[in-house]
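J.: here you go, sequence then predicted model.
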Amino acid sequence: MHCWTQCVHTPTRHHNILDLVFCHDVTPLSLQVSKELESSDHKMVLCALPFDFRHSSIHKIQKTRQYRNYKNVDWNLLHTLLSCSDWENFFLSSSLTDALDIFYQINNSCLDTIAPIKLSNIIKSNDLYIPLHYRKKLRRLQKSYHKSNDFSALMEITMTFNQVKEVHRLKAINEELSAMHSSSKVQNLVRLFNKRLKPSRNSDTPCILRNGLMITNHNIITNLFSDFFANRGIPQDGNEVDIINSATNHMESVTFTYDNICKSINSLRTSSSYGVDGIASIYFKLGGPNLPLILLKLFDLSLTTGSYPNRWKTSYICPRYKSGDRTNLHNYRPINITPVISRIMEKVVCDQMSDYLLSEKLIFNSQHGFLKTRSCMTCHFEFFNLVFTKRSLGHLVLVLYLDISKAFDMVNHKLLVGKLSSYGIRNPLLAWLNSFLSNRHQIVKINSTLSKPEPVTSGVIQGSVLGPLLFIAYINDICKCFSMGRPFLYADDLKIVYSFPPQEFAHTFSGVITELNKVAVWCSKWKLDLNASKCGWICFGDKCLTFDLSINGSKLSRLQSVVDVGLRYSYNLSFTEQVNMQTSKSHRLLGCILRNFYSNDSRILLYKVCVRPLLEYCTFILSNVSIRDKLRLESVQRRFTLRILEADRTLDYKTRCTKLGLDTLWRRRLKLNLIFFYKILNKLAFSSPNTIQLEEPSCYNLRNSASKIKISQSKSALYMNYFTNKFSRIWNHLPQAIRETDSLPLFVRHVSNFISSEISLKMFTPTIVSYSTSEIIGTLNV
């Protein structure tokens, strides 16, 4: 667990193993369980470790890295150098390779002038750094104590350590103040937060268990990851698949302009990290007005020739831990770090391709991943809106959850290009996309250690801009397998909803089996594999309903609860597990912030950036959670305000929030849900037609009657408390001027001002809650 291995495998007391030896980054030379001790019923454990005690016991991690220091770069000098460089041959060139050589020659020369490459040896200690004069003092006091056993020397050692800690505390406060006073204070503070948490998170190079041996050598680990990731895909075979053309129009090219290239550059995060070509995003963002013109020539040349540059086809791979045993290679996913210049071009191509696919209605409405106006929140909203509606009608709701094994890595390039062609993508864009996918290589990078390059034979590039869109295009027509059920997709996360009256179970069950067989055939056709061990089903409305479902001969398990795109819920539509997870994780993160940061301003900002978003994931589902769960969510902020205002602990929760400039969480939920409601109503967020309907205009000129929502009636309390109904009622109580606002920023401003007023909130119909509870979560029960 967490890179520690338990080495004792023989009982040490009777038939139980109670005496343990844990090792990390080391393998015992020998270990044996000996006879029992004289005065104990425990056996002795003799362990020999390969330690050299002549050296310091402080664990040091030494890294050597090359880097460019962009901190004090004169960007005006770069603008001058680029303007004065000879670009004539570049702009006259009709060869992509020649133009690319000139581009990198000039830009690398400019980089070497403004930010030359430096080599640094970084030694990081996981222990508290003690300055030299304190170390000398501690040695002297230690000798004095061992000679005289004088307790006063021990007290002085303790005082010295406290002085060291105070020096560290003052240094930490100065770091926080400098981060808070910088122009990008959020980014700098989060970077400082990650830096301080790194030793406790054990986030240095992972140790890998291979054939019973714990491997810690960086070179071996990178090559193990490289071989593992290279073998995740499939070889490209020559099997032909008949693909039906589903497009009426076509798209041959992408238009590159100065403006859309500038927009793509501005969307980049300012960072000094870089891909294989060595040019960081900060270089493009601050490189001046001439760079987009140069890129315009390069991108046009690449697209017209239908050729993606070879030097952009090699990417660094960073192993990203998912879950489970950290020593197991299977618990890591590959994240590609592609050249920044490639991401700029991909962004322009991706935007125009997605606009084409959506405008031609080639992407099914079931897909919510990586598309404009769609998100995991719209996916959850559509899903639960259907489930609660059907349950209010007395229907049973059966949901299948299907998992495609290594979906992004198993995409067949030849079949993907064929699908793109069927969607109306034509040359030269199709040739460029084919070149983008073919002859790629990857290099695993852990810290500064690189593996040998490995070819990429299949899959879309995780970490690239175009990769997700290409995957969506590839998996899109899986939705054709379902006629009785309604599918919901977020990238490769697939669930299918079947709703039916209890008496029609037999008919629905046969339809489910038919459609599962269609999915199996589809996966076989498109070279994808279903992971049956991660597939399952859940039934809302009848926990006693029993039947067997299987796919490809593997039985699907019945689930009591499910984790679905970051959201946990159970068979009885309870979100208590989700609330427990959110509060538990938030409390841990809050503890890390309070222990590692000293300035209240930095603590509050980190709380807003790192903790509060965890509590506000899919806030619309909290309409259906119990008051107890809402109190549990609010307890995170109550604890935080108490810790920040320890001198004013007598203040009530609402006053503490006001003093710190924080809204209570229930007020924020109210505001966020109203904003989401506005987006759905005004088609700024995707939803099915008629999900929210306006009332028919009255024939009478009634005050405050415009833009009101039609409210559905039901005997089901579960449905009446669901987001759509509850916030329709709240929406209708808003002033007409707010409801008729035609701009999202203006609506956000108006609704924020409205909610901040206590008098305004009394216009809403309250829920009956106790006085002590209303002081914490209000009376609206949102």
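T.: Structure's in. What do you need?

J.: tell me the mean pLDDT for stretch 304-316?
T.: Averaging pLDDT along stretch 304-316 yields 94.

J.: report the buried residues of it.
T.: 305-309, 312-316 (16 or more other C-beta atoms under 10 Å). C-beta here means a position set from N, CA and C on the backbone, and glycine is covered the same way.

J.: make JSON lines from those and add distance to residue 102 and secondary structure to it.
T.: Output for the buried residues of stretch 304-316, formatted as JSON lines (distance: C-beta to C-beta, whole Å; DSSP: H, G, I helix; E, B strand; the rest coil):
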{"residue": "305", "distance to residue 102": "16", "secondary structure": "coil"}
{"residue": "306", "distance to residue 102": "21", "secondary structure": "coil"}
{"residue": "307", "distance to residue 102": "16", "secondary structure": "coil"}
{"residue": "308", "distance to residue 102": "18", "secondary structure": "coil"}
{"residue": "309", "distance to residue 102": "13", "secondary structure": "coil"}
{"residue": "312", "distance to residue 102": "16", "secondary structure": "helix"}
{"residue": "313", "distance to residue 102": "19", "secondary structure": "coil"}
{"residue": "314", "distance to residue 102": "20", "secondary structure": "strand"}
{"residue": "315", "distance to residue 102": "23", "secondary structure": "strand"}
{"residue": "316", "distance to residue 102": "25", "secondary structure": "strand"}
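
J.: closest one to residue 169 out of those residues, please.
T.: residue 316 (37.3 Å; C-beta to C-beta).

J.: who's in contact with residue 313?
T.: Taking C-beta atoms under 8 Å, 6 or more residues apart in numbering, we find residue 313 in contact with 439-441.

J.: any idea how far the closest residue to residue 86 other than its chain neighbours is from residue 87?
T.: Nearest residue to residue 86, sequence neighbours excluded (C-beta to C-beta, 6 or more residues apart in numbering): residue 106, at 7.9 Å. According to C-beta to C-beta, to the nearest Å, residue 106 stands 7 Å off from residue 87.

J.: residue 157 versus residue 146, what's the distance?
T.: In terms of C-beta to C-beta, residue 146 sits 11 Å off from residue 157.

J.: these two: which is more packed in?
T.: Between residue 146 and residue 157, counting by other C-beta atoms under 10 Å, residue 157 is the more crowded of the two (16 against 10).

J.: so which strand or helix has the more buried one?
T.: Per DSSP states H and E: residue 157 is located in helix 151-180.

J.: repeat for residue 673
T.: helix 665-681.

J.: after that helix comes which helix or strand?
T.: Counting by DSSP H and E, what follows helix 665-681 is helix 717-720.

J.: could you dump the next helix or strand after that next one to CSV, C-alpha only?
T.: Past helix 717-720, further along toward the C-terminus, the next helix or strand under DSSP H and E is helix 723-733. This file holds the C-alpha atoms of helix 723-733, laid out as CSV (Å, rounded to 0.1, in the frame of the first residue of the first chain):
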residue,chain,number,x,y,z
PHE,A,723,-34.5,20.2,-9.4
THR,A,724,-36.8,20.9,-12.4
ASN,A,725,-39.9,21.3,-10.3
LYS,A,726,-38.4,22.9,-7.2
PHE,A,727,-36.5,25.5,-9.2
SER,A,728,-39.5,26.2,-11.5
ARG,A,729,-41.4,27.3,-8.4
ILE,A,730,-38.4,29.4,-7.2
TRP,A,731,-38.0,30.8,-10.7
ASN,A,732,-41.6,31.9,-10.8
HIS,A,733,-41.1,33.9,-7.6
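
J.: now do the strands in the stretch 501-650 of the chain.
T.: 529-530, 536-540, 549-551, 554-558, 561-564, 567-570 (DSSP state E, counting those that start in this stretch).

J.: JSON lines for those, including distance to residue 459?
T.: Shown next, in JSON lines, are those (distance: least, C-beta to C-beta, whole Å):
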{"stretch": "strand 529-530", "distance to residue 459": "13"}
{"stretch": "strand 536-540", "distance to residue 459": "26"}
{"stretch": "strand 549-551", "distance to residue 459": "23"}
{"stretch": "strand 554-558", "distance to residue 459": "24"}
{"stretch": "strand 561-564", "distance to residue 459": "24"}
{"stretch": "strand 567-570", "distance to residue 459": "27"}
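
J.: where does the stretch 651-782 of the chain have low pLDDT?
T.: For the stretch 651-782 of the chain, applying pLDDT under 70 flags the ranges 698-704, 760-775, 778-781.
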